[in-house]
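Trainee: coordinates for the following, if possible.
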Amino acid sequence: MRSHWQLLRRDPRTYTGVLAQALRTGEPRPKTRLWQVFYFAEAVVLHDLMSHRQLRHVHAHFANNGADVARLTALIGQRLDGPRAGWKWTFTMHGPTEFEAVDRFDLPAKVRSADGVACISDFCRSQLMRMVEPNHWDKLAMIRMSVDTDKFTPPPAVRDHPGDERMRVLYVGRLVPEKGSPVLLDAVADLTRRGVPLQVKLVGSGELEPQLVEQVRRDGLTDVVELVGAVGQDDLPALYHWADVFVLPSFQEGLPVVLMEAMATQLPVVTTQIAAISELVEDATSGRVLPPGRADLLAEALAELAADPVTRQKMGEAGRETVVSQFTSDRSATALIGFFEQSKID
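Mentor: Coordinates of the predicted model:
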């Protein structure tokens, strides 16, 4: 309350004006506008903290309510101290959730207001370009997500399990509709009927878990498929090392970090031709990129890889090379620092 009282005493017009701006933001529903009051309350406190620490730039890592708070914080600073005081705000745009609820997230207005937007892919950047006028396009930078390639490394020995001819297939992700895990199970059922030996692990949890358990039981896959459940981040490298192929049959994505992690461990990946995935995975080079929802094509791709361990090895090596050259933490950090510096200049 102290921060609010101080701002109200110092400049009541700024206080009421920014509050009014918050109340005009987002979908015109009472609940939405009430949440904007809470974001305004947080922005006043954040502005006070930043002022005491001589900070003038706030960055939100998502386009959600954190970006609402960041935008209001910068607006308070600009109205109190003037446009030359250096108050800036930026945010990172991931997608895909925000692209399906443009009004709820107030995306076009956020892009117009922000001093810069870090987009995780060219596809992501293009989706914002279609929402705003061309004079805002220059503020849209492309900053890749990344993985720690010192943590996600190839296994110490060549992937081989003598005496067990089954190809090991790994899925890591939430068990939710947009990730397409039932498509993977359909493909596995097809391959099992055709006599292709597989061992499959699905790692993650979510609303589809009961449905997937029933699908495994119904299709007679209890000896083939294991639903592992959620695991900690530190457990993932060992799972990637266990596998021969990584599969992510999503219907909707941004640019999945799990694909980067798998590729960093020299796993060939089989995934879908949606959003920005082709900016990471090159079909027939570092993996297979297939039309979404096609269990038949997924089954064929897995059958081909099961019969060709040499190709799996080559794809894995190519995937690791892609991640090391384009998706490392050092490269992303350097790009992000440059983005912040450019935002200050602009």
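Trainee: list the buried residues of the host helix or strand of residue 304.
Mentor: In this assignment (DSSP states H and E), residue 304 forms part of helix 295-306. Burial within helix 295-306, assessed by neighbour count using 16 or more other CB atoms under 10 Å, is assigned to 295, 297-303, 305-306. Heads up, the C-betas are built off the backbone N, CA and C, glycines and all.
Trainee: next: stretch 171-182.
Mentor: Neighbour-count burial for stretch 171-182 flags 171-173, 175-176, 179-182 (criterion: 16+ other CB under 10 Å).
Trainee: check stretch 143-159 too.
Mentor: Using 16+ other CB under 10 Å as the test for burial, stretch 143-159 gives 143-147, 149, 152, 154-155, 159.
Trainee: also stretch 3-22?
Mentor: For stretch 3-22, burial by neighbour count (16+ other CB under 10 Å) applies to 3, 7, 14-15, 18-19, 21-22.
Trainee: among these, which are located in strands?
Mentor: Taking DSSP state E, every one of the buried residues of stretch 3-22 sits outside strands.
Trainee: would you point out the most distant pair within these?
Mentor: Farthest pair in those (CB to CB) is 3 and 21. Separation: 17.8 Å.
Trainee: and the residue nearest to residue 23 when sequence neighbours are not counted, how far from residue 43?
Mentor: Sequence neighbours aside, residue 33 is the residue nearest to residue 23 in space, at 5.4 Å (criterion: CB to CB, 6 or more residues apart in numbering). Residue 33 sits 15 Å away from residue 43, going by CB to CB, to the nearest Å.
Trainee: so these two - more neighbours on which side?
Mentor: Taking other CB atoms under 10 Å, residue 33 and residue 43 do not tie; residue 43 has more neighbours (26 against 15).
Trainee: re the thing from before, the residue nearest to residue 23 and residue 21 touch, don't they?
Mentor: No. Here residue 33 does not reach residue 21: they are 11.6 Å apart, not a contact under CB atoms under 8 Å.
Trainee: what touches both of those two?
Mentor: Common contacts of residue 33 and residue 21 (CB atoms under 8 Å, 6 or more residues apart in numbering): none found.
Trainee: burial of residue 230, as a residue count?
Mentor: Residue 230 has 11 neighbouring residues, counting by other CB under 10 Å.
Trainee: tell me how far it lies from residue 301.
Mentor: Going from residue 230 to residue 301 by CB to CB gives 27 Å.
Trainee: show the model's pLDDT score for residue 27.
Mentor: For residue 27, the pLDDT comes out at 86.
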